[in-house]
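*Asks:* Predicted model, plus sequence, below.
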Amino acid sequence: MEPRFAVLHFEDSEEDATLIRGHLAAGGIQCDITLVQSKAEFVKELDHRWDLILSDFNVPGFDGFAALQLVRARDPHIPFIIISGTIGEELAIESLKSGATDYILKDKPARLVPAVQRALQQAEERQQRLQSETALVKSEERYRTLVTNLREGLLEADNDDVIQFVNDQLCVLLGYQRDELLGHVVHLLLVSKEDQVQIVEKNRQLRRGISGRHEIRCLHKDGHSLWMEISASPVADPRGAVIGYVATFSDITEKRLLQEQFLRAQRLEGIGTLAGGIAHDLNNVLGPILLSLEVMRKKVQDPGLLRMIDTIEASGKRGADLIKQVLSFARGLHGEHVTVQVRHLVGEVESIMKETFPKSIAVATKAPNNLWPVSGDATQLHQVLMNLCVNARDAMPDGGRLELKCENVELDEQYVAMHFEAKLGRYVCLSVTDTGVGIPPDIKAKIFDPFYTTKEIGKGTGLGLSTVLTIVKSHGGFINVYSEPGKGAAFRVYLPVRTSDVPEKLQEQEDLVAGKGELVLVVDDEEAVREITRTTLEAFGYAVVTANDGTDAISKYVLEKDRIALVVTDMMMPYMDGPATIRALRKLNPNVSILAVGGLPQDGQVTDGASDIAFLHKPYTAQKLLEFIRRVLDSKSKH
C-alpha cells in the first residue's frame, strides 16, 4: 500500500485549489490535503507535521516569500513549492535561493506532479540520510563509551607501528599523557629492549592479517617495567587491505610474580630431592672414614701422623655438618614439635650475639611477655634466628645496628591478598633487621636458592638461607624480605600460633575501628596494594582517593586539599619517593596529617623535624592500618 502524504496547501482561490487537488490525484500521488486561505490559518497549521507545503505566491495581506521564511525558521528541510500565475523569472530564482524546493506556474500544471514527486523523494532520501547519520553518531558514542570504560589499555597503530589512538586506561597504566604517546612508534617507546625484536615480528604477522596474543615487558614512563598481556588484531580498509592494528594491554605483573614464585617453589623442591639423594650417599662415604679414625689413632704413635688424623677428623666432621644442612634443606629435619616460647630463644640468641659479635655492632632485642606460643622444634628455630643474625652481622663489616624482635600479629584478607604464601590466622612474627649494605633487587630473587652465596670462597656454603626457608616452611610459616641497597635489610619470619595454648580472651576478635567519612589519599606504586587498601578503607567508612607515585599524589592533593584529612604514603617509590613527597606536601600544607608506611625501620626516619609523622611497618593488616589511621586523625583533632 502506497504511503499517504500530509500536504498543507496555502491558496486563497477555491477553484485553483480544486484544480491542484485534481492534478495530484490524477498523477497517482496519495495525499491528504489541508487547505488554508489566510495568514492566521497558515501559521496555526505550522504546528503540525507536514510532508509537503504548497503555497500561492500572492495571497491578500501575505506572500510566498513571507510564508517561506516562516516555514524555514521552523524546519529547514520540509519541501516547499511555490505555485503562482504571476511570478516572474527573477522572483522564481530568488525564491529558490531563499530555500524554496521548486516553483510551478499555474498555466503549466504538467510540471506539478513531477515536481511534487521529486520533492517528496528528496525529502525521503534526506530523512534516511539523517537517520543513518544519527545511528552513526550513536554508534560512535557507544564505541567511545566502551573504549573509555574498558579496564584494559587500548591502542590503535598504523602499519608503520605509529600510534594513532590510545584510551585513558593505557595512559594510566604507563604513566603518559595522551599527546605524549600519539605519533610515536610503539616498540621504540613502550617496549623494553629485551622484547623489541619479538614485538617487531608480531607486527609483521599483523600486517599479514594474523591476530595474536603474547606477553611482553612494557616500559612505564618512569622507567620501571611492567608485564603486559597484549591481544592484537589487524584493521582492514573496505577493500580488505590491512592498514594497521588495534591492541589491548592488560597488566599481568602480579600474575607473573605469582607464577615465578610457584616455579621457584617447584625448582627448590626438585633441587631438594636431588640434594637429599647426594647427601645420603655422602653420609655413606664419610661414615666409614670417621669411624676408622679412632682405630687409626690407637695404632699410630707418630705425632705428625696423629695431627694428620686430627685434621682428617675435623674435615670429616665439617663435611658431616654440611651434609646435615643439605638434609635440613631437602627434608626439613622433621624434629619433634612441642610448644615453644619464642622469647626464650630470643634471649639465648641475644646472649650469644653480645658475647661473639664485634663491639661495633649494637644489638637490640624486643620480646614481649605476652607473646603467643608456637608449635615447633626449638633447636631448628634457634638455628633460624642464628643464621639470620649471622647474615646480618656479615652485612655490616664496618659496624651498625642489629635488631631482633618478635610480636603477635593477626593476618587478615588484605595481607593474604598481597602475599602468596600467607594464610588467614594468628602468627608470631620474628624480625631480624640490620643497617648494612642491603640486597640489590637482582640478588634478592636468588638468596634462598641452595648453594647461592655472595660471600668469599670458604666463608659461606650458600645453604644458610635455604635451610632457614626449609625449616620455616616445615613449621607452616613463611618469610618476607625487605631491603634497599645501602639501607640495610629486614627478614620477617611468620610462624603460626599454637591456638590451643592461646588464652580465650586473646582469641576474641577486636572490633575494627571504623572511619567517619574522612577522605584519605593513599599513595603507593603497587596497584594491588593501592586497590586493596582502598577497598579496606571504603569498607570501614572512609572515602579514598589514590595516587600511583609522588607526583600524582601532589596533583591529587592540590585538587582536594581542603577535603583530604590524611595522606598514607609508601616510602619506597620510583621517580619521587616517600620523603620527597612528604616534603612537597608540607610545603603545600605544613599541618598535613601523614601516615608513612615502609618495609624497613629506616623508612620511618623520613625528614628532619618530621617526628610527628606516624610510621607503619609493611606489611600491615587491616586492623593495624585502621588503628594507625584512627590514632593519627584523633591526635590531629585534639590539637
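*Replies:* Yep, that arrived.

*Asks:* Contact partners for the spatially most central residue of the chain?
*Replies:* The central residue of the chain, meaning the one whose C-alpha is nearest the mean C-alpha position (CA atoms, centre = their mean), is Glu527 at 4.1 Å. Going by CB atoms under 8 Å, 6 or more residues apart in numbering, Glu527 touches Asp251, Glu254, Asn548. All C-beta atoms are positioned from the backbone trio N, CA, C, and that covers glycine.

*Asks:* Could you break this structure into its assigned domains?
*Replies:* Following the assignment in automatic domain parsing, the chain carries domains at 5-128, 150-251, 256-331, 338-506, 512-638.

*Asks:* Mean pLDDT lowest where, among the ones you listed?
*Replies:* When these are ranked by mean pLDDT, domain 256-331 comes last with a mean of 69.

*Asks:* Same list as before, the contacts of Glu527 that is, but in JSON lines and with distance to Val568 included.
*Replies:* Converted to JSON lines, the contacts of Glu527 look like this (distance: CB to CB, whole Å):
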{"residue": "Asp251", "distance to Val568": "22"}
{"residue": "Glu254", "distance to Val568": "20"}
{"residue": "Asn548", "distance to Val568": "14"}
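
*Asks:* Can you list the residue ranges for helices in the stretch 201-350 of the chain?
*Replies:* 253-299, 303-331, 342-356 (DSSP state H, counting those that start in this stretch).

*Asks:* quick revisit: can you tell me which of the contacts of Glu527 lies closest to Lys317?
*Replies:* Within the contacts of Glu527, proximity to Lys317 (CB to CB) peaks at Glu254, which comes in at 46.7 Å.

*Asks:* Ramachandran coordinates for the residue nearest to the centre of the chain?
*Replies:* Backbone dihedrals for Glu527, given as degrees, to the nearest 10, come out at phi -60, psi -40.

*Asks:* do the same with Gly399
*Replies:* For Gly399, the backbone dihedrals (degrees, to the nearest 10) come out as phi 90, psi 170.

*Asks:* Any figure for the gap between it and Phe357?
*Replies:* Applying CB to CB, to the nearest Å, one obtains 10 Å for the distance of Gly399 from Phe357.

*Asks:* So between the two, which is more surrounded?
*Replies:* Residue environment comparison for Gly399 versus Phe357 gives the larger neighbour count to Phe357, 17 against 14, counting by other CB atoms under 10 Å.

*Asks:* wait, isn't that one in contact with Arg393?
*Replies:* Yes - between Phe357 and Arg393 there is a contact at 5.5 Å, judged by CB atoms under 8 Å.

*Asks:* Report how many residues lie close to the spatially closest residue to Ile312 that is not a sequence neighbour.
*Replies:* Closest residue to Ile312 in three dimensions, ignoring its sequence neighbours and counting by CB to CB, 6 or more residues apart in numbering: Leu293, at 6.3 Å. Counted by other CB under 10 Å, the residues lying close to Leu293 total 16.

*Asks:* Need the buried ones from the contacts of Glu527 selected in PyMOL.
*Replies:* Entered in PyMOL, the line below selects the buried ones among those, by 16 or more other CB atoms under 10 Å:
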select buried, resi 251+548
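
*Asks:* Closest to Asp222 out of the contacts of Glu527?
*Replies:* The nearest member of the contacts of Glu527 to Asp222, counting by CB to CB, is Asn548 at 9.5 Å.

*Asks:* Provide a list of residues in contact with the closest residue in space to the closest one that isn't next to it in sequence.
*Replies:* When the adjacent residues along the chain are set aside, Asn548 lies closest to Asp525, with 5.8 Å between them (CB to CB, 6+ apart). Residues in contact with Asp525, defined by CB under 8 Å, 6+ apart, are Asn548, Asp549, Asp570, Met573, Pro574.

*Asks:* Mark which of the residues you listed are buried, thanks.
*Replies:* Buried members of those, counted by 16+ other CB under 10 Å: Asn548, Asp549, Asp570, Met573.

*Asks:* Strands - which of those land there?
*Replies:* By the criterion of DSSP state E, membership of the buried ones among the contacts of Asp525 in strands covers Asp570.
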